[in-house]
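J.: Return atomic coordinates for the entry below.
(2 chains)
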There are 2 protein chains.
Amino acid sequence: MTELRSVPTLDDVARTAGVSTATVSRCLNSPERVVEQTRKRVMSAVEQLGYTPNFGARAMAAKRTFTIGAIIPTMENAIFARGLQAFQEELHARGYTLLVSSSLYQPEVEDEQIRSLVARGADGLLLIGHDRDPSVYSYLQSRAIPVLSAWVYLPESDQPTVGFDNRQSMRALAQKVIDFGHRRIGMISGVTKGNDRAAARLAGLRDALAANGLDPEAMPLIETPYEIENGAVALQSLMASDDPPSVVMCGNDVLAVGALRGARDMGLSVPDDVSITGFDDIELARIVTPQITTVHVPHREMGRKAAQALIDMVEKRSTGASVELKSTLQIRDSLRDLTR
Amino acid sequence: MTELRSVPTLDDVARTAGVSTATVSRCLNSPERVVEQTRKRVMSAVEQLGYTPNFGARAMAAKRTFTIGAIIPTMENAIFARGLQAFQEELHARGYTLLVSSSLYQPEVEDEQIRSLVARGADGLLLIGHDRDPSVYSYLQSRAIPVLSAWVYLPESDQPTVGFDNRQSMRALAQKVIDFGHRRIGMISGVTKGNDRAAARLAGLRDALAANGLDPEAMPLIETPYEIENGAVALQSLMASDDPPSVVMCGNDVLAVGALRGARDMGLSVPDDVSITGFDDIELARIVTPQITTVHVPHREMGRKAAQALIDMVEKRSTGASVELKSTLQIRDSLRDLTR
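T.: The predicted model follows:
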């Protein structure tokens, strides 16, 4: 027990700096809310004593660690980047630190990371999408860790969701494509297994086909991971058919940009020879030529609202309310209107 | 003390599953190294007992937590994404979980996140760039936390670095630009304050100008945060001058893609009216038209080598050796050769 005495505590820092323990805690968790002079005094005491905020002690004192965990499928392309950045900015403004893990689209890796973040004291978790093994949710419930699913909106779910309706959004885009006179529609989808957003987008496109008397099962379809190169290869495969599609609808903008490159490399003009659509409206969609018709997802707003909802769950112990965001169609030059 | 008895331990899980504690630890930290049958038995015991890997206890038992922290300046564009993904893949293969924070390019936020990751038991840290307050390094040294700086190569530094020479790389690109007959050179740089990579790239361009009898101080220069929109605005500002540059060299590809868009919006043709160069060779540089001349940085290799070096420091308590990676010039259509 004598050794324990030598470990400086929050109280020691407060005493040395001549401030309250709450002020020390605020300095460590949300320094922007403390005037600079006080902050300097506290940080100098922290330095002098060699104090390390101890997760266990702080968690017991404050009932929380001011840390939120987020697990996203990939860091490699910009699909989640903008929403996550806004999520972090909002957390930071509220005095929370964000720790992010990437599951590489593998459920068992996500499972491991959830346990790791819980073990490291995360006050709450943000997950992408909602479909996962029920044991994940029961585990989090048994640990009383608030969890929020984003990038989806499922009001009927047991868990709160902050996002948009992937299925309706893709259905609306497909209806516009059909209104423009397209009948030979092909799709390059993300891998739908283990990805409820990708599966919903594919279902939305099929809804639109069926509603317009077209056969959803006859639609040429390639499923491939979200990478630019894969979009290029898939486009070339679809266009090599005897009866190639007049439009290739892609599961996201990364695939669409790849499809655009694939078309260019084949000597096909977009949209004269083939139209291409995307989903997400990330910056990629606007910097290529022609710019890509896509579904605009309000990523920053989604990130901000998810942070607010999750902090409410953590601080007020609310069970959380789902928030629906509206997506909008962005009709740009990559989609040709055949009726004109 | 009676309450503590009810908390299941690693030993309890091992006993229930009929395996060694090392196997339980491996199941939790690197499940891919355990055969499925054993893993299922262990995970079922974990589930049944409601065991949560306890950071403190595991750290004491294993002397480590199998968690590595990384702090990157931003998650918003793809500058760090590819290298970080490779870093994580290598960590994952070696049984480590990665937790990432983003400092928003603010040293005081980075400082807070370093302390947070240490408090949560990170075995080692990856930081981007090397220049920071010496108190950060002395703090980490006093806690015996290995730290590695990436995206820079500074063999003379006290800390190990895994990266490339930003200054020499930009100097080499600028020499090529000058060899192509350009004399009126403008630059759109990232914000150099608090960003040693941006400062080194600017210095490298100035080195090349001086070596070729051009006045580095006379070079038109705009410093702006790395965002596409900022590149567009800066390009237009540079080109509005009475004596506009024949080439605009950008601090990275994000600014270069923005500059390309800015030129297009002004009705300027690239490279006929103005040449544009970037830095990094992220995917953006190749999907725009014309493709952008840039410095190729081996991001995936850098991420992998950084993971290997950091794990060696954590496991073997080595002090770490710096690793230099070679950048290469990628000459593409956005740069006009005026000598032809």
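J.: list the contacts for the residue nearest to A:Met313 when sequence neighbours are not counted?
T.: The shortest distance from A:Met313 to any non-neighbouring residue, by C-beta to C-beta, 6 or more residues apart in numbering or on different chains, is to A:Pro146 (3.7 Å). Any C-beta I mention is one placed from the backbone N, CA and C, and that applies to glycine too. By C-beta atoms under 8 Å, 6 or more residues apart in numbering or on different chains, the residues touching A:Pro146 are A:123-125, A:310, A:313-314, A:320.
J.: One more pass at 7 Å, please.
T.: Neighbour list for A:Pro146: A:124, A:310, A:313-314, A:320 [criterion: C-beta atoms under 7 Å, 6 or more residues apart in numbering or on different chains].
J.: count of neighbours near A:Leu214?
T.: By other C-beta atoms under 10 Å in any protein chain shown, 17 other residues sit near A:Leu214.
J.: Local confidence estimate at the closest residue to it other than its chain neighbours?
T.: Ranked by C-beta to C-beta, 6+ apart and with sequence neighbours excluded, the top spatial neighbour of A:Leu214 is A:Arg183, at 6.7 Å. Looking at A:Arg183, its pLDDT stands at 97.
J.: Equivalent analysis for A:Ala61, please.
T.: pLDDT for A:Ala61: 46.
J.: do the same with A:Asn166
T.: The predicted local confidence for A:Asn166 is 97.
J.: Please tell me I have it right and it contacts A:Ala203.
T.: No: with contact defined as C-beta atoms under 7 Å, A:Asn166 does not count as touching A:Ala203 (8.6 Å).
J.: on that earlier part again, and the gap between the residue nearest to A:Met313 and chain B?
T.: With distances taken as C-beta to the nearest C-beta, to the nearest Å, A:Pro146 is found 16 Å from chain B.
J.: Check A:Phe180 too.
T.: Distance, A:Phe180 to chain B, using C-beta to the nearest C-beta: 25 Å.
J.: and what of A:Leu260?
T.: The gap separating A:Leu260 from chain B is 8 Å, by C-beta to the nearest C-beta.
J.: Report the contact partners of that residue.
T.: A:270, A:276, A:288, A:334.
J.: Give me the contact list for the helix or strand containing the second one.
T.: Which is A:Ile276. Secondary structure assigned from DSSP states H and E places A:Ile276 in strand A:275-277. Strand A:275-277 is contacted by residues A:173, A:177, A:182, A:246-250, A:256, A:259-260, A:270, A:292-294, A:334-336 when judged by C-beta under 7 Å, 6+ apart.
J.: residues near the residue nearest to A:Leu214, how many?
T.: Counted with other C-beta under 10 Å, the neighbours of A:Arg183 add up to 14.
J.: now stretch A:327-340: how far from the chain's centre is it?
T.: 26 Å (C-alpha atoms, centre = their mean, to the nearest Å).
J.: and if you look at stretch A:240-250?
T.: The answer for stretch A:240-250 is 30 Å, by C-alpha atoms, centre = their mean.
J.: Check whether that stretch comes into contact with chain B.
T.: No: Stretch A:240-250 lies out of reach of chain B by C-beta under 7 Å from any C-beta of the partner chain, never closer than 14.0 Å.
J.: related to what we said a few turns ago, okay, A:Asn166 and A:Ala203: which has more neighbours?
T.: A:Asn166 (27 against 15).
J.: picking that back up, can I get the contacts of A:Pro146 in JSON lines with secondary structure and pLDDT?
T.: Conversion of the contacts of A:Pro146 to JSON lines gives the following (DSSP: H, G, I helix; E, B strand; the rest coil; pLDDT from 0 to 100):
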{"residue": "A:Gly124", "secondary structure": "strand", "pLDDT": "96"}
{"residue": "A:Leu310", "secondary structure": "helix", "pLDDT": "96"}
{"residue": "A:Met313", "secondary structure": "helix", "pLDDT": "94"}
{"residue": "A:Val314", "secondary structure": "helix", "pLDDT": "92"}
{"residue": "A:Gly320", "secondary structure": "coil", "pLDDT": "81"}
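J.: quick one, what contacts A:Ala200?
T.: A:166-167.
J.: Now with 10 Å, please.
T.: A:129, A:131, A:152, A:154, A:165-171, A:192 (C-beta atoms under 10 Å, 6 or more residues apart in numbering or on different chains).
J.: same check, this time on A:Leu325
T.: Per C-beta under 10 Å, 6+ apart, neighbours of A:Leu325: A:150-151, A:153, A:162-165, A:297-299, A:301-302, A:305-306.
J.: what pLDDT does it get?
T.: 96.
J.: Could you find the closest non-adjacent residue to it?
T.: Ranked by C-beta to C-beta, 6+ apart and with sequence neighbours excluded, the top spatial neighbour of A:Leu325 is A:Phe164, at 4.8 Å.
J.: now for the helix or strand that contains A:Arg15, which elements pack on it?
T.: Under the criterion of DSSP H and E, A:Arg15 resides in helix A:10-17. Using 3 or more C-beta pairs under 10 Å, 6 or more residues apart in numbering or on different chains; DSSP states H and E, the elements in contact with helix A:10-17 are helix A:21-29, helix A:36-49, helix A:55-62.
J.: and which of the contacts of A:Leu260 is nearest to chain B?
T.: Nearest to chain B among the contacts of A:Leu260 is A:Val288, at 5.7 Å by C-beta to the nearest C-beta.
J.: Contact partners for the closest one?
T.: Counting by C-beta under 10 Å, 6+ apart, A:Val288 touches A:253, A:256-257, A:260-261, A:264, A:270, A:276, A:278, A:332-334, B:257, B:284, B:287-289.
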